[in-house]
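**Q** Structure, please.
(chains A and B, ligands or ions: 2)
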Amino acid sequence: MKGVRHYPGFLGLTILCLVILYAPLIVVMAYSFNGSTSITQWGGFSMRWYVDVFTGPDAKRFGQAAWNSITIALMAATAATIIATAAALAMVKGGRFRGRGASFALINLPLMVPEIVTAVASLIFFTAIGLTTGYGTILVAHMAFCIPFAFLPIAARLEGIEASYEQAARDLYATRAQAFRLILLPLLAPGLASGWLLAFIISLDDFIITNFVKGAGMETLPTAIFGSVKQGIKPNIMAISTLMLAVSVLFVTAAYLINRKGRQTP
Amino acid sequence: MTTAIDIRSVVKTFGEFTALHGVSLDIADNAFFTLLGPSGCGKTTLLRLIAGFEAVTAGEIRLFGEDIARLEPNRRPVNTVFQHYALFPHMSVIDNVAFGLKMQGLDLSGRRARAGKMLEMVHLSAFADRLPSQLSGGQQQRVALARALAPAPKVLLLDEPLSALDLKLRQAMRVELKQLQEDTGITFIFVTHDQEEALTMSDRIAVMSAGQVQQIGTAQEIYEAPSNRFVADFIGETNLLEVDVHQVHEGRATLTLPGGHRLSCPSALVAPGRHSLSIRPERVTISDSAELSAADLSATVERVVYLGSDLQVLTRLADDTAFTIRLQNAARTEVPSPGAQIGLHLEEGAARLLAD
Ligand SMILES: Nc1ncnc2c1ncn2[C@@H]1O[C@H](COP(=O)(O)OP(=O)(O)OP(=O)(O)O)[C@@H](O)[C@H]1O
Ligand SMILES: [Mg+2]
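**A** Ligands and ions are numbered 1, 2, ... in the order given. Reported below is the predicted structural model:
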């Protein structure tokens, strides 16, 4: 039987998709090394915009935004991973309970809610309970929407761990806590790591929700970039974007590798 | 003899379904005890109740006199060899074996020494630092054994530990397991659905079916003197004939075989009437055609099946019931040919009358 690869036009379509996906990224990466101040004309290879990012007039603003982004992402990913782990343990290892299916749906539903809706809802919620928008509200919102992203790899990993490992530990005189710490947790580690990395990346590059709940004067890297692009694109934006892209690729690759390695030894 | 495990009227239900209907067993200390029965009869369930992974619905489980039925698994001095071994994949072989000792609070040097000794016992000293995934199935099985034996449990539970191994290895492991049981003096409770495994290794066997114990006895007892139809049919091959019992007196019954021949045989039970008679295929001899009239049964040969060391002769009795005979494939065996009319002679003790 002929595979899908043999349909007419398959190759053309594939190339078209790849071009649309990656051409803009490649342009941005290439022009971040542009020696001229123009964003359309090539002025020779240079690292000047990278130097500009760290020392130029905008350096302080971007530095503060990057600091906010990274600290929020670290805390949000950690909190989301802990909550997602507790949820996954209850749902996968907690036996059958009433409303198990509904709980699964509830945890994963935010993945399907349009982000703008979550953003508006979060803002209304924070205002209604009288919180001043700022660093704190960004953090809380990020913790919340990162949970399903952390949950997926953790729950998938947990489902692959047979009950007999824990039983064997209990049989060999381990208490419940010891069996969890010495057996289940190490076996779950790859899932935890990829859940955390995924949550970290999702938090790091979130724009819509952050933009709604950040309040005046508070910036994360994506909102800061958006702010300066509104006043016209300068090549240093391309350098920052390329740096963020590099961090994202690094983390996603790490998550993938950890997950794959974990799968070889169940 | 001391009783290691005393199971009293244990009932286990899963929701509506009753997996064990009041099982009672008495397992002697230092015995190789086997739970034998078809798939789904409740063997694993009973083992899990003893280990503590499931809670009994009703009944008692006593370990050397102490009721353990409601203790957590880590408080029961009983260890398990799991069917798929459940070796901890992230720990080396030696750490796996030492795990139980560590949980018991033994210090590092004590653990290393004891675990090393256990690995020596199962001939795996050279593999101490490997991960379980770097071992063959047979080696993993030995590690599982060493791990379960290391804390010197009072009873070792084994759930079909040989089922994942190939035939040759399985046969070798049978001998080794039995030897290990004798050397350690620990009571083994071994679960299997393989009757050959049960017959070759066990001191005593409990035959189970549908959540109930059908018979408990030595291999010889359950093979030679099955107490009911299920046991006779499940253990080994047998021919079951419907016969008329005229009289039962002092453990012997007089009955009429199909074809009219009268027979006296040992009997478990029963009141006169219609009952099942079990006749083992290897306890039947074929008599010369000259003596046909004196034979216990007469039959027509349908097919001869070659089994290597044995020959299986499939025949039909006069009343059309199928009847199987086993002959040794010796040089002097005369093999009857299909279609031949033969007389069957039952050896002393070949037939046994059954309760239903
Ligand atoms: N957790 C459970 N929930 C519901 N039913 C169960 C559960 N565990 C076992 N059973 C049922 O109890 C019966 C006995 O199961 P068990 O696993 O003890 O059988 P077994 O004799 O070990 O069979 P096998 O030789 O196939 O392993 C089966 O009908 C099974 O479906
Ligand atoms: Mg079983």
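**Q** residue boundaries of the helices in the stretch 51-200 of chain A?
**A** Residue ranges of the helices in the stretch 51-200 of chain A, as given by DSSP state H, counting those that start in this stretch, are A:59-88, A:100-108, A:115-128, A:135-159, A:163-171, A:176-179, A:185-204.
**Q** whoops, I mixed them up, chain B
**A** In chain B, the helices defined using DSSP state H lie at B:43-51, B:93-103, B:108-121, B:137-149, B:167-184, B:195-201, B:219-224, B:229-234.
**Q** I'd like to know how many residues surround B:I216.
**A** By the criterion of other CB atoms under 10 Å in any protein chain shown, B:I216 has 18 neighbours. Every residue, glycine included, has its C-beta placed from N, CA and C.
**Q** pretty sure it is touching B:D203, no?
**A** No. Counting by CB atoms under 8 Å, B:I216 does not reach B:D203; the two are 11.3 Å apart.
**Q** Low-confidence stretches in chain A?
**A** A:1-5, A:261-266 (pLDDT under 70).
**Q** try 50 this time
**A** Applying pLDDT under 50 to chain A picks out residues A:265-266.
**Q** Close to chain B: what parts of it are there?
**A** A:162, A:164-165, A:167-175, A:178, A:182-183, A:186-187, A:264-266 (CB under 8 Å from any CB of the partner chain).
**Q** Give me the buried subset of those residues.
**A** A:164-165, A:167-174, A:178, A:182-183, A:187 (16 or more other CB atoms under 10 Å in any protein chain shown).
**Q** got JSON lines for those residues, with distance to B:A351 too?
**A** Listed next are those as JSON lines, based on distance: CB to CB, whole Å:
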{"residue": "A:S164", "distance to B:A351": "46"}
{"residue": "A:Y165", "distance to B:A351": "51"}
{"residue": "A:Q167", "distance to B:A351": "46"}
{"residue": "A:A168", "distance to B:A351": "48"}
{"residue": "A:A169", "distance to B:A351": "52"}
{"residue": "A:R170", "distance to B:A351": "50"}
{"residue": "A:D171", "distance to B:A351": "46"}
{"residue": "A:L172", "distance to B:A351": "50"}
{"residue": "A:Y173", "distance to B:A351": "52"}
{"residue": "A:A174", "distance to B:A351": "54"}
{"residue": "A:Q178", "distance to B:A351": "58"}
{"residue": "A:L182", "distance to B:A351": "59"}
{"residue": "A:I183", "distance to B:A351": "55"}
{"residue": "A:L187", "distance to B:A351": "57"}
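**Q** out of these, what pair is the most spread apart?
**A** A:Y173 and A:L187 (19.0 Å; CB to CB).
**Q** coming back round to it: so which of the helices of chain B is nearest chain A?
**A** Closest to chain A of the helices of chain B is helix B:93-103 (CB to the nearest CB; 3.6 Å).
**Q** Now do the same contact list for residue 131.
**A** No chain in the question, so chain A it is. Applying CB atoms under 8 Å, 6 or more residues apart in numbering or on different chains, we find A:L131 in contact with A:T137.
**Q** Let me rephrase: I mean chain B.
**A** B:L131 is in contact with A:T265, B:P89, B:H90, B:M91, B:S92, B:V93, counting by CB under 8 Å, 6+ apart.
**Q** Save those as CSV, and put in distance to A:D58 too.
**A** What follows is these, written out as CSV (distance: CB to CB, whole Å):
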residue, distance to A:D58
A:T265, 47
B:P89, 50
B:H90, 47
B:M91, 52
B:S92, 54
B:V93, 58
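**Q** buried subset of those residues?
**A** For the contacts of B:L131, buried by 16+ other CB under 10 Å: B:P89, B:H90, B:M91, B:S92, B:V93.
**Q** could the residues you listed go into CSV alongside distance to B:G116 and pLDDT?
**A** Below are those laid out as CSV (distance: CB to CB, whole Å; pLDDT from 0 to 100):
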residue, distance to B:G116, pLDDT
B:P89, 21, 93
B:H90, 21, 92
B:M91, 15, 93
B:S92, 12, 93
B:V93, 11, 94
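**Q** would CSV of those with distance to ligand 1 be doable?
**A** Listed next are the buried ones among the contacts of B:L131 as CSV, based on distance: CB to the nearest ligand atom, whole Å:
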residue, distance to ligand 1
B:P89, 23
B:H90, 27
B:M91, 27
B:S92, 30
B:V93, 27
